[in-house]
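> show me how the following folds:
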Amino acid sequence: MDGTIVTFYSYKGGVGRSFTLANIALLLARWGNRVLVVDWDLEAPGLHEYFAPLLANPPSTGLVNVVADFTDGTVGSTARYVTRMNSGDGVVDLIAAGRQDDHYSQRVQGIDWAELYERGFANVLEQLREEWVTHYDFVLIDSRTGWADIASICTAHLPDRLVLVFTANEQSLGGAVDVARRANEARDRMPYDRPKLTVLPVLSRFDSRVEYKRAETWFQACTKTTTPLFSNWLVKHVPPALMLRHLTLPYVSYWSFGEQLPVLEEITPSTDHIAYALETVAAIVAHRFDRTDLLADNRDAYVAAAQGQASAFELDILVSCPRSAERVAADLVTALEKLGIRAKRSLSGDIDFLGRTRDVARHLCLVIDEKVTRWQVAEAEWFLRRTLVTDDRRLFPVLTAATSPTSMPGFLRNIRRLELGAGLAVMDAAHQLRGEVVSESMDSGVLTGAISVLELTRQTMLGNYDWFLVEQTLHAMSPSVRNGDLEQLRVLTQELAGRTTAGASGARYDAPTKVNNLVTELVSEINRRIKKRP
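Prediction:
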């Protein structure tokens, strides 16, 4: 998949645009994405100040150097203008505005963008754009305010998507929405093939804790003005007001001083932390504005899915085991590595496993000795709930000779397992796992994934209304299974997983008999289809 270019724009300054971009860039990188950030606010550059703790030295190059090299006829590749940052969490590169020396303002004032475009600078930007989307998953552009040549480049020419950051006042709100309209009109006149922009409105620095009634009045006004912006990407049954609440960044006075990055300090934020809201916005960007129905149902599942869908994993398989099976797990990892599979061992119950912000391995292998421990149940559920949007990830139970399959919980019994002993040695198991990792089809992943989530439903406790919604989803899954509509089954499986993690704030109950019966019927039908597949 090509990378996505996202411009962050605000009509007025002082709304937290650069702050928002910088934090989201680090979140996307933490979740395994390759990120490039570009400071196009040449007259008031400051993005590099947010990343100062991650920079060994101040940037010595940037966009003004691109312009200068174009004038000299020596424009190079993106790498010439990039400053690499040491975030510790994936790739975050910076194209700064330029070296901040005594001559910087003079260089900027000497740029005539209209003349540059007449001389073919647009084609250079197209070449750079092609490089960016080839080498990065996300390119985040920090645009200057107002509507000038630079803003037009950032909002119309370059981006695939536009994030409008605004505050609750008429100038900021109305100006931002008007610029989104102008950007689409400008794209229609461009000689390049650009679809209509998808626009994400982000209500920033919103304080609803003191003047609650006044805040609610302004929120309703913001919803009314921004509702048209949701028309070409928000799932139809999701109310714009609900989505805008997810897109609201609260005002927290602590973070209003200096250039700070709360996502570096609030690693596991609670709902009242600004990093919690930033995670939500970052997840929408990571999902490329898709699957908003899951966000409406279950914000935590939506964010977890974004955290787990990194374009690359450090490992192919993470082998988790209890202490009693450490030797078996170590031998299995050694055998897998000999077969060219990137594998690593982890003890079940390791707090680092369940506390991870993103997955390090595509697949999870549970080595089960005698019985499934409560830690392994937690790990299996953690893995399954974090892989809602991925069809090519698998959970592999490997049973030692001392383990009876009947002792396993239902949602694991129905997953294809390997049983050591009885003629199956560790190296044989490694060969079979390698075959699954290398050759498993996406269709099989949809079917086995559906079984895993269905069986996990039985282990869940929910409120009565939540169980009603689960039952409706199960009814909707039946025809997709009968008709072999795997895409619809995939979507409904994701919906079911989201519903079973939503929970209720009051009393919770075990799965009703009707739900259990529907799950049994669906699992049986899916298993029949799996056996029929070549």
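
> ends of stretch 403-415, what's the gap?
For stretch 403-415, the first-to-last residue distance is 15 Å (Cα to Cα, to the nearest Å).

> for stretch 40-49, same thing?
14 Å.

> can you give me the buried ones in that stretch?
40-42, 45-48 (16 or more other Cβ atoms under 10 Å). All C-beta atoms are positioned from the backbone trio N, CA, C, and that covers glycine.

> how far out from the middle of the chain is it?
Relative to the centre of its chain, stretch 40-49 is centred 26 Å away, using Cα atoms, centre = their mean, to the nearest Å.

> do me a favour and average the pLDDT over it.
What stretch 40-49 shows for mean pLDDT is 87.

> equivalent analysis for stretch 296-312, please.
73.

> using PDB, write out every CA atom in it.
Taking Å, rounded to 0.1, in the frame of the first residue of the first chain, the C-alpha atoms of stretch 296-312 are listed here in PDB:
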ATOM      1  CA  ALA A 296     -18.500   4.500  17.500                       C
ATOM      2  CA  ASP A 297     -19.000   1.100  19.200                       C
ATOM      3  CA  ASN A 298     -15.800   0.700  21.000                       C
ATOM      4  CA  ARG A 299     -13.000   3.300  21.000                       C
ATOM      5  CA  ASP A 300     -10.500   1.100  22.900                       C
ATOM      6  CA  ALA A 301     -10.900  -1.700  20.300                       C
ATOM      7  CA  TYR A 302     -10.500   0.800  17.500                       C
ATOM      8  CA  VAL A 303      -7.200   2.200  18.900                       C
ATOM      9  CA  ALA A 304      -5.900  -1.300  19.700                       C
ATOM     10  CA  ALA A 305      -6.600  -2.300  16.100                       C
ATOM     11  CA  ALA A 306      -4.600   0.700  14.900                       C
ATOM     12  CA  GLN A 307      -1.700  -0.200  17.300                       C
ATOM     13  CA  GLY A 308      -1.700  -3.800  16.000                       C
ATOM     14  CA  GLN A 309      -1.800  -3.100  12.200                       C
ATOM     15  CA  ALA A 310       1.800  -2.000  11.700                       C
ATOM     16  CA  SER A 311       3.100  -2.500   8.300                       C
ATOM     17  CA  ALA A 312       6.000  -4.700   9.600                       C
END
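
> and the closest residue to Gln171 other than its chain neighbours, backbone torsions?
The shortest distance from Gln171 to any non-neighbouring residue, by Cβ to Cβ, 6 or more residues apart in numbering, is to Lys12 (5.9 Å). With angles defined as degrees, to the nearest 10, Lys12 sits at phi -120, psi 160.

> what does the one 3 residues further on give?
The phi/psi pair for Val15 (degrees, to the nearest 10) reads phi -100, psi 0.

> ok, so what distance separates it from Ser208?
17 Å (Cβ to Cβ, to the nearest Å).

> of these two, give the one with the bigger neighbour count.
The residue with more neighbours, out of Val15 and Ser208, is Val15; 23 against 16, by other Cβ atoms under 10 Å.

> give the other helices and strands that the one helix or strand Ser320 maps to contacts.
Using DSSP states H and E, the element containing Ser320 is strand 315-321. Contact partners of strand 315-321 among helices and strands, from 3 or more Cβ pairs under 8 Å, 6 or more residues apart in numbering; DSSP states H and E: helix 326-338, strand 343-347, strand 361-368, helix 426-439.

> ok, of the buried residues of stretch 40-49, which one's closest to His157?
Proximity of those to His157 (Cβ to Cβ) peaks at Trp40, which lies at 10.9 Å.

> and the closest one, how far from Gly73?
Counting by Cβ to Cβ - Trp40 and Gly73 are separated by 23 Å.

> got it, and Thr268?
Applying Cβ to Cβ to Thr268 and Gly73 gives a distance of 51 Å.

> pretty sure Val35 sits in a helix.
No: according to DSSP: H, G, I helix; E, B strand; the rest coil, Val35 belongs to no helix; its state is strand.

> so it makes contact with Ala22?
No: using Cβ atoms under 8 Å, Val35 is not in contact with Ala22; the gap is 10.7 Å.

> shouldn't Glu279 be within a strand?
No: read with three-state DSSP, Glu279 is helix and lies in no strand.

> what about the nearest residue to it once chain neighbours are set aside, how many residues nearby?
Of all residues not flanking Glu279 in the chain, Val303 sits nearest, at 5.3 Å (Cβ to Cβ, 6+ apart). By the criterion of other Cβ under 10 Å, Val303 has 23 neighbours.

> check Gly484 too.
Residues near Gly484, counting by other Cβ under 10 Å: 11.

> partners of the strand holding Ser320, with directions?
strand 343-347 (parallel), strand 361-368 (parallel) (DSSP bridges).

> quick one: it to chain centroid distance?
Distance, centroid of strand 315-321 to centroid of chain: 22 Å (Cα atoms, centre = their mean).

> ok so, going back, who has more neighbours out of Thr268 and Gly73?
Of the pair Thr268 and Gly73, Thr268 is the one with more neighbours under other Cβ under 10 Å, namely 9 against 6.

> let me know the secondary structure of Ile5.
strand.

> and it, what are its bridge partners?
Val139.
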